[in-house]
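K.L.:
Let me see the structure of the following:
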Amino acid sequence: MPWLDSRTVPFNRLGIVSQIPSESGVFGILAEDRCVLIGESWNLKARLLELINTLHSPETLTIIYELCSEDQRLRRREVLHGELVSGTQPSNLQASRNGISFWQSVPDGADSTGDGPEAV
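P.N.:
Numbering: from 1, shown residues only. Reported below is the predicted structural model:
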């Protein structure tokens, strides 16, 4: 697995508050064994608490994260996204969420505008 010194936490308030540090790093949101979102933040705890407030039924999801310096975060997010993010998202991630980037799947044969995140 491409994660470096990662930790996994249930995607709920108790898990975030008690186990996620307020430090710089990258995180993934897992639906079963699929990584459906990769993000980064200078404060993982604050960002994940913000994210949990916008999702429906987050209890079906899991967080995986690793700490890294601010100058490494964007590159780590790009690497992890390229290796891990699946093309299909669970229904609780498909709705538009202000200020959150999701990777949209493109049907086979459709013209894609790029591999990066699409802000919705």
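
K.L.:
where exactly do the strands run in the protein?
P.N.:
In the chain, the strands defined using DSSP state E lie at 7-10, 25-31, 34-41, 61-67, 101-102, 118-119.

K.L.:
Return the most buried member of those strands.
P.N.:
Comparing those by mean neighbour count (mean count of other Cβ atoms under 10 Å), strand 25-31 ranks first with a mean of 23. Every C-beta, even on glycine, is put in place using the N, C-alpha and C of the backbone.

K.L.:
The closest residue to S6 other than its chain neighbours pairs with what?
P.N.:
Nearest non-adjacent residue to S6, counting by Cβ to Cβ, 6 or more residues apart in numbering: E66, 4.6 Å away. Beta-bridge partners for E66, by DSSP bridges, are V26.

K.L.:
E66 reaches L4, doesn't it?
P.N.:
Yes - between E66 and L4 there is a contact under Cβ atoms under 8 Å: 5.3 Å.

K.L.:
what's around N43, how many residues?
P.N.:
When neighbours are defined as other Cβ atoms under 10 Å, N43 has 15 of them.
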